[in-house]
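In: Quick one, fold the following:
(one chain, ligands or ions: 1)
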Amino acid sequence: MQGESSQSQNMQSQNMQSQNMQSQNMQSQNMQSQNMHMLNMQSQNMHMLNMQVKDIGVMKQICLTCSEDFTAHSFNRVCNTLEGGHIFYTKISNASKYNDTAGIVAHCTNYLNYVQPDKWSWIIDFEDFGLKHTLGLNTGIQLSKLINNYGGLHELIVINTNMFVEQMLKMIKLTLNKEYHNCIKVLHNNVDFKIKINEWEPMDLRGRSMLETLLC
Ligand SMILES: [Zn+2]
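Out: I've put the predicted structure just below:
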């Protein structure tokens, strides 16, 4: 009897051990996947910052503020595509001087004058867009005047919006020429989009299909 009970105790403790091992395994798997997720997020954020670093070489000719601090404004050329022309990317929450309206308008104007695109597209990312950024409504209005004046806008792709942002866009559209209203595309599949934009390189020859698949 004693033998049996010590056997069953042994089995119990073995069971407990294997359960412990399993839960430890699951925990470590969970932690691994959390870590992977964090790494993914970090690399995505790094990539978005990289865009600001990538064209830092031309900033001296475009924007003195950004040549001293590349996080000041956010309007960077991502790549050139046959379909959409030169693609520019803006993430408002990446810009430390988000309320520097005159500086932002000058940055965008100078960049466009520097590239001189016949055709261009603009991706505006509203991720982490906060209340403080809504003060930039005037910046939005000034930038839509810039679009009207410069011309050649092919697509205006807006990602990571919410109802608040969409209300703001409605107000900005009042200034934007009617011919550009059809250019605005609000993209709701942000995850796929981020993967695609991560694959983009400056002057990417595959850019054409990228932009086409992006808008599907
Ligand atoms: Zn700048």
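In: How far does stretch 120-130 stretch from one end to the other?
Out: For stretch 120-130, the first-to-last residue distance is 27 Å (Cα to Cα, to the nearest Å).
In: Give me the contact list for that stretch.
Out: Stretch 120-130 is contacted by residues 48, 78, 81, 84-93, 112, 147, 152-162, 164-165, 190, 197, 211 when judged by Cβ atoms under 8 Å, 6 or more residues apart in numbering. Backbone N, C-alpha and C define where each C-beta goes, glycine included.
In: Recalculate using a threshold of 7 Å.
Out: Residues from elsewhere that reach stretch 120-130 (Cβ atoms under 7 Å, 6 or more residues apart in numbering): 84-93, 152-161, 165.
In: Now intersect those residues with the strands, please.
Out: 85-91, 153-159 (DSSP state E).
In: now, which of these sits nearest the ion?
Out: Minimum distance to the ion across those is 11.1 Å, recorded for Thr90 (Cβ to the ion).
In: so what's the closest one bridging to?
Out: Taking DSSP bridges as the rule, Thr90 bridges to Ile124.
In: quick one: contacts for it?
Out: Taking Cβ under 7 Å, 6+ apart, we find Thr90 in contact with Ser74, Phe75, Trp122, Ile124, Asp125.
In: could I get those as CSV with neighbour count?
Out: Output for the contacts of Thr90, formatted as CSV (neighbours: other Cβ atoms under 10 Å):
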residue, neighbour count
Ser74, 26
Phe75, 26
Trp122, 22
Ile124, 23
Asp125, 24
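In: Take these and write them to CSV, including distance to Cys66 and pLDDT.
Out: Shown next, in CSV, are the contacts of Thr90 (distance: Cβ to Cβ, whole Å; pLDDT from 0 to 100):
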residue, distance to Cys66, pLDDT
Ser74, 9, 94
Phe75, 9, 95
Trp122, 17, 95
Ile124, 17, 93
Asp125, 17, 91
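In: Serialize those to TSV and add fields for distance to Asn182.
Out: Below are these laid out as TSV (distance: Cβ to Cβ, whole Å):
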residue	distance to Asn182
Ser74	25
Phe75	22
Trp122	14
Ile124	16
Asp125	21
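In: Nearest to the ion among those?
Out: Nearest to the ion among those: Phe75, at 7.1 Å, using Cβ to the ion.
In: can you give me phi and psi for that closest one?
Out: Here is the backbone geometry of Phe75 (degrees, to the nearest 10): phi -160, psi 100.
In: Ok, Phe70 next?
Out: Backbone geometry at Phe70, expressed as degrees, to the nearest 10, gives phi -70, psi -10.
In: quick one: contacts for Phe183?
Out: That one is not Phe; residue 183 is Cys. Counting by Cβ under 7 Å, 6+ apart, Cys183 touches Leu153, His154, Glu155, Leu156.
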